[in-house]
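J.: fold the following and give me the result.
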Amino acid sequence: MNLHGIFPPLTTPFAADGTIAPAKLRKNIVRYNRLGLAGYVLNGSTGESVLLRWEEIYRLWEAAKEAAAPDKILIAGTGAESTAETIEHTNRAASLGFNAALVRTPHFYKPQMKVDALSEFYLRVADAARIPVLVYSVPIFTNLQVDAHLIARVAQHPNIIGMKDSSGDVEGVRKIIAAAPKGFQTLVGSASTLFESLELGACGAILALANALPELCVEIYDASRSGDSEGAHSLAQQLLAPAKILGPQYGIPGLKYALDRLGYYGGPPRPPLLPLSEAAKLEIDVMLSNLTAPSAHL
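T.: Predicted coordinates:
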């Protein structure tokens, strides 16, 4: 399976009463279908995955499958703390027609989540999964970082085809690419290090910012892949301010507000996440208006 390109980890639309709004998700996807995105990730961190019930997640998967264009790759976030539950969710995604599973590291029992335990977890999931598996390293939330040693152990499994590295550690990405077998596909989740990671050999990215700025993210990828490093680097500079403001500064509520401002449906976050202040909205408005050549990307 070719995972090269840019994938947005789609936000989860909620109605005013707090329930999920699958129709809004379908509408966003129909608009994304016209762009150069490689596919979509459902139930990632950006989708407020830990705030959703699994029956809600399944409904959103169904809506995404209905709306996605046939050429778009669908990746489901299926990770849970237990091996058995992860397998259950992964095979539910398979039954709905998803192409791959993104499986985050279990982390609640962090002191025991050493390389041996994580290796066993991923190998068992891969053995039982009816779709290919991607390892998901998101240390900002799990406080566990997947390193090259773990990837070298699990990447030999024929059903573990790649990973998403959201650490933002460019040197770590370099080591993972060097340790993995040929054909293992490394995607990154940090917009601020997108250019550097692509130049090192990452095959693409799963970027929260690709929800709001999909065209710009795709332009950076295309320029890098065509050998235009200078052009890719110049375009990537435009991601730095959005990556900060819509990332660690204001997070999902900020990203959803930007979506609303850009003509997509963002909507409210789910508590305990709080809505934005008026000052935060103004800061995001200024940031969006300051993007270079915004008409080319918005």
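J.: residues near Thr186, how many?
T.: Residues near Thr186, counting by other CB atoms under 10 Å, number 25. Any C-beta I mention is one placed from the backbone N, CA and C, and that applies to glycine too.
J.: same check, this time on Leu239
T.: 23.
J.: how about the residue lying closest to it once chain neighbours are set aside, what does it touch?
T.: Spatially, and ignoring its direct neighbours in sequence, Leu239 is nearest to Ala191 (4.8 Å; CB to CB, 6 or more residues apart in numbering). For Ala191, the contacting residues are 205, 207-209, 217, 239, 242-243, 247, by CB atoms under 8 Å, 6 or more residues apart in numbering.
J.: for those residues, give me a markdown table that also has distance to Leu35.
T.: Below are the contacts of Ala191 laid out as a markdown table (distance: CB to CB, whole Å):
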| residue | distance to Leu35 |
| --- | --- |
| Ala205 | 15 |
| Leu207 | 13 |
| Ala208 | 16 |
| Leu209 | 14 |
| Cys217 | 10 |
| Leu239 | 16 |
| Pro242 | 17 |
| Ala243 | 19 |
| Gly247 | 21 |
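J.: which one of these is nearest to Ile160?
T.: Comparing the contacts of Ala191 against Ile160 with CB to CB places Ala205 closest, at 19.0 Å.
J.: doesn't the closest one belong to a strand?
T.: Yes: the assignment for Ala205 by DSSP: H, G, I helix; E, B strand; the rest coil puts it in a strand.
J.: hey, what's it bridged with?
T.: Ile6, Val188 (DSSP bridges).
J.: so it touches Gln185, yeah?
T.: No: using CB atoms under 8 Å, Ala205 is not in contact with Gln185; the gap is 11.3 Å.
J.: more neighbours: which of these two?
T.: Shown here are Ala205 and Gln185; by other CB under 10 Å, Ala205 has more neighbours (28 against 21).
J.: okay, that one: pLDDT?
T.: Looking at Ala205, its pLDDT reads 98.
J.: fine, thanks again, bye for now.
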